[in-house]
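*Asks:* Got a predicted structure here, sequence first:
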Amino acid sequence: MRHLKSTLHGLRALLVGAMTAVVISDVVFRDVHQQGILEASAAEAALRQGDLAPFAALMASWSWSQDPALVEAAARLVADATAEPPPGLLEPLPASDLGEQAEHAHRRRAWATARQDGVVSSPGPWVLQELAAWGRTLSRWRNLPSATPNPEEDRAAERAWASLLTADPFGALDDLQRRLLPPVMAQFNALMRRRRVPETEASRVRAELEEGFIFTLLDDAWGVEPRLDLALRVLESAGPGWLPLADMLTPAEAREAACCLAERRRWGPTLRAVWPLARTRADRASRLGERLSVDPGWLAPLTDLHLCARLLERWRVKDPLATHPDHGARILQQNLSRVRARLRAVLSRSPERLLEPLMTVEALDERTRSAAARFAWAWARRELPHHFTLGSAKGTRRCEPVEELPPLPVEADGPLRTWVLLAVLRGKDEHLERWVRTGGTGDGDSGWGRVLQQLPDALRDADGATHAMRRALAVELPEIYTELEPLLFDLADQPVDRSLRSRVETLLRPGWDDAIPVPSGGFRKMPARARAHLIRRGVMEEEP
């Protein structure tokens with residue numbers, strides 16, 4: 001399937017090359033993973049008896065495994081997630097760029113064999129084994145090669161940053177242009193080539209970037225000032241540790257970061273697992289703030305726990321593709337990025353504190369260029385749906401307190417995901433995005449009106465309004481789109497023939513929530529609409 005080629009191709013070196021420097025036979029892989037199943041089974045049995053030690057040992061690659069309170073929280077999350085097997089658990093993984101000796105494919109094969117042979121009878125061992133494997137994957141991500149110093153360029157980068165973060169931000173204008181514009185331009189060019197943007201439009205974008213990019217570094221109209229965003233992206237990649245910005249938080253900033261996180265609906269299950277007696281978001285935010293104010297580094301193992309919670313939540317979705325490793329990688333990457341973004345948003349309020357740590361960063365030039373590339377890729381992706389007008393938000397959005405409204409309950413996840421899918425299948429995803437931003441679409445489109453009519457009561461406020469739902473989608477819509485990608489790729493691949501309706505219904509049925517009626521028509525347009533959505537978001541290449 002084409003959707004495997006993006007993330008999995010990028011993970012080849014991490015999941016295969018980092019595993020071993022020699023060829024390992026299928027027999028060895030099978031034995032290793034079968035032994036892993038036995039260890040996971042023993043850990044599950046111990047968990048049922050209240051013994052957390054084997055569970056913590058199995059999860060040693062996760063940083064929370066060293067914190068007894070977080071181990072207890074993880075055990076609560078696992079207990080809630082192992083009631084029934086994930087739907088895709090027993091299905092073999094499709095062939096992919098990783099080849100037949102991919103770790104995930106062999107683990108899935110070993111699990112299916114163990115189920116058939118009666119070695120295990122519950123999904124618990126698979127959940128534990130898979131969580132442990134993702135912990136090892138994260139460890140490999142965090143041990144990537146460090147940047148290479150270049151003394152002459154690093155000293156020049158120090159002077160450029162000293163100018164950019166002081167009262168004379170353009171004192172080193174030529175150096176900043178030379179240092180930052182090439183990686184920014186490269187990211188825009190890469191995305192425009194991938195999207196097959198006409199050369200006339202691409203030339204216009206390049207000309208506007210060359211003329212005005214350096215001045216956008218001071219544009220704070222849409223969020224964090226880009227120059228501060230860049231500085232913090234440099235620091236977040238420089239260590240020590242994998243979440244170094246957390247260690248920079250003052251007690252007051254730690255409490256602010258705690259509110260930013262606790263107010264996000266997807267963080268609710270994580271924080272409830274840690275503090276099961278805390279009944280309200282405000283209570284959980286207060287407890288998190290108190291803990292981070294005395295130990296800001298604790299955010300790193302807590303974030304690891306949150307990654308586990310997001311994986312577990314995703315595996316419960318009634319979609320065979322939910323357990324695919326490509327999907328797991330995207331979930332981890334997205335949620336890590338969100339935590340880092342919230343830290344950047346909080347720390348950007350104290351720009352005077354950024355220059356001194358920047359001056360101590362090793363390989364500052366290379367890290368600056370890398371940060372500029374990451375910044376530009378995020379900016380270019382936001383520009384993609386707007387045809388590169390260069391008017392979209394350029395940096396990290398600010399961390400603003402949300403209205404004190406009851407959040408959508410966790411039980412609303414299924415209807416919410418299905419309703420977003422319905423909007424995409426009806427070709428109204430851009431209407432959905434405008435509606436989330438503004439509460440309306442401005443065009444009286446009847447098709448969008450029919451999508452709104454399908455909105456179930458489970459997604460409405462007590463008075464019938466949609467404030468909580470729109471607030472949730474303002475944060476979660478990109479992640480929901482990512483969750484839908486495997487299904488949308490499959491839909492986009494369907495030939496339009498007499499059996500199309502039957503195939504589409506078969507694809508939709510497993511994950512479709514009963515709160516929303518299944519479509520009864522419009523099937524012939526669904527492959528094209530799925531394809532258009534994926535192309536618009538830059539995750540599928542347009543056919544030449």
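*Replies:* Right, received. Where do you want to start?
*Asks:* next one: phi and psi at residue 426?
*Replies:* phi -90, psi 0 (degrees, to the nearest 10).
*Asks:* can I assume it is in contact with residue 449?
*Replies:* No: applying CB atoms under 8 Å as the test, residue 426 and residue 449 come out as separate, 10.7 Å apart. The way it works is simple: take the backbone N, C-alpha and C, and place the C-beta from them, glycine included.
*Asks:* So between the two, which is more surrounded?
*Replies:* residue 426 (20 against 12; other CB atoms under 10 Å).
*Asks:* Please identify the helix or strand for residue 357.
*Replies:* helix 355-358 (DSSP states H and E).
*Asks:* what's that helix in contact with?
*Replies:* 158, 161, 162, 165, 166, 231, 234, 235, 248, 364 (CB atoms under 8 Å, 6 or more residues apart in numbering).
*Asks:* Please apply the same query to stretch 528-544.
*Replies:* Residues contacting stretch 528-544 (CB under 8 Å, 6+ apart): 2-3, 6, 191, 194-196, 381, 384-385, 424-427, 429-430, 481, 485, 488-489, 491-492.
*Asks:* Just the buried ones from those, in ChimeraX syntax?
*Replies:* To isolate the buried members of those in ChimeraX, using 16 or more other CB atoms under 10 Å:
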select :3,6,191,195,381,384,424,425,426,427,429,481,485,488,489,491,492
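*Asks:* tell me which element the spatially most central residue of the chain falls in.
*Replies:* Centroid check for the chain by CA atoms, centre = their mean gives residue 334 as the closest residue, at 1.2 Å. Taking DSSP H and E as the criterion, residue 334 maps to helix 325-347.
*Asks:* for that helix, packing partners?
*Replies:* helix 7-10, helix 124-141, helix 226-236, helix 251-262, helix 299-315, helix 467-492 (3 or more CB pairs under 8 Å, 6 or more residues apart in numbering; DSSP states H and E).
*Asks:* the helices in the stretch 51-200 of the chain, which residues?
*Replies:* If DSSP state H, counting those that start in this stretch is used as the criterion, the helices of the stretch 51-200 of the chain fall at 53-58, 68-81, 103-116, 124-141, 151-164, 173-195, 199-216.
*Asks:* ah, wrong one, I meant the stretch 401-544 of the chain
*Replies:* Under the criterion DSSP H, counting those that start in this stretch, helices of the stretch 401-544 of the chain are mapped to 413-425, 429-438, 446-453, 467-492, 500-508, 526-536.
*Asks:* Is residue 224 in a helix, a strand, or coil?
*Replies:* coil (DSSP: H, G, I helix; E, B strand; the rest coil).
*Asks:* Kindly state the domain boundaries assigned to this structure.
*Replies:* Using automatic domain parsing, the domain ranges for the chain come out as 2-141, 152-238+364-386, 245-352, 410-536.
*Asks:* May I see the ones you listed organised as a markdown table, with distance to residue 358 added?
*Replies:* As requested, those are exported to a markdown table (distance: least, CB to CB, whole Å):
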| stretch | distance to residue 358 |
| --- | --- |
| domain 2-141 | 24 |
| domain 152-238+364-386 | 5 |
| domain 245-352 | 11 |
| domain 410-536 | 29 |
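*Asks:* I'd say residue 359 and residue 159 touch.
*Replies:* No: counting by CB under 8 Å, residue 359 sits too far from residue 159 to count as a contact (10.3 Å).
*Asks:* hmm, back to that, pick the one among the contacts of helix 355-358 closest to residue 273.
*Replies:* The closest of the contacts of helix 355-358 to residue 273 turns out to be residue 248 (CB to CB; 26.8 Å).
*Asks:* mind listing what the closest one touches?
*Replies:* Contacts of residue 248 (CB under 8 Å, 6+ apart): 235, 296, 347, 353, 357.
*Asks:* quick one: which of the residues you listed has the most company?
*Replies:* Neighbour count (other CB under 10 Å) singles out residue 347 as the most crowded of the contacts of residue 248, with 26 neighbours.
*Asks:* Run a quick check on that residue versus residue 245, I expect a contact.
*Replies:* Yes: counting by CB under 8 Å, residue 245 is a contact partner of residue 347 at 6.1 Å.
*Asks:* Give me the common contacts of these two.
*Replies:* Shared contacts of residue 347 and residue 245 (CB under 8 Å, 6+ apart): residue 232.
*Asks:* Tell me how far residue 286 lies from residue 292.
*Replies:* Remark: distance between residue 286 and residue 292 (CB to CB, to the nearest Å) = 11 Å.
*Asks:* Settle it for me: which of the two has more neighbours?
*Replies:* Neighbour totals were compared for residue 286 and residue 292, and residue 292 leads with 23 against 17 (other CB under 10 Å).
*Asks:* give the contact list for the residue lying closest to that one once chain neighbours are set aside.
*Replies:* Nearest residue to residue 292, sequence neighbours excluded (CB to CB, 6 or more residues apart in numbering): residue 254, at 3.8 Å. Neighbouring residues of residue 254 by CB under 8 Å, 6+ apart: 289, 292, 293, 296.
*Asks:* Tell me who's in contact with the second one.
*Replies:* Residues near residue 292 by CB under 8 Å, 6+ apart: 246, 249, 254, 255, 257, 258, 298, 299.
*Asks:* And the pLDDT at it?
*Replies:* At residue 292 the predicted local confidence, pLDDT, stands at 96.
*Asks:* again, but for the last one
*Replies:* pLDDT recorded at residue 296 is 95.
*Asks:* got the contact list for it?
*Replies:* Residue 296 neighbours (CB under 8 Å, 6+ apart): 246, 247, 248, 249, 254.
*Asks:* need the contacts of helix 355-358 in CSV with distance to residue 374 and pLDDT, can you?
*Replies:* Formatted as CSV, these follow (distance: CB to CB, whole Å; pLDDT from 0 to 100):
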residue, distance to residue 374, pLDDT
158, 20, 94
161, 17, 92
162, 22, 91
165, 19, 89
166, 24, 82
231, 13, 95
234, 10, 95
235, 13, 95
248, 19, 94
364, 16, 95
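*Asks:* export the residues you listed to TSV and tack on distance to residue 324?
*Replies:* Converted to TSV, the contacts of helix 355-358 look like this (distance: CB to CB, whole Å):
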residue	distance to residue 324
158	45
161	42
162	47
165	43
166	49
231	37
234	34
235	34
248	36
364	39
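*Asks:* Restricted to buried residues, select those in PyMOL.
*Replies:* Buried residues within the contacts of helix 355-358, by 16+ other CB under 10 Å, are selected in PyMOL with:
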select buried, resi 158+161+165+231+234+235+248+364
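*Asks:* of all the contacts of helix 355-358, which comes closest to residue 45?
*Replies:* Distances from residue 45 to the contacts of helix 355-358, taken by CB to CB, are shortest for residue 248, at 42.8 Å.
*Asks:* circling back to that earlier point, of all the helices and strands packed on helix 325-347, which gets the most neighbours per residue?
*Replies:* Most buried of those by mean neighbour count (mean count of other CB atoms under 10 Å) is helix 226-236; its value is a mean of 25.
*Asks:* For that one, which outside residues touch it?
*Replies:* So helix 226-236 is contacted by 161, 164-165, 169, 180, 216-219, 223-224, 243-245, 248, 340, 343-344, 347-348, 351, 354, 357-358, 361, 364, 367-368, 371-372, 374-375, 394-396 (CB under 8 Å, 6+ apart).
*Asks:* cool, and stretch 171-182?
*Replies:* 156-157, 159-160, 162-164, 170, 209-210, 213-214, 217, 230, 365, 368-369, 372.
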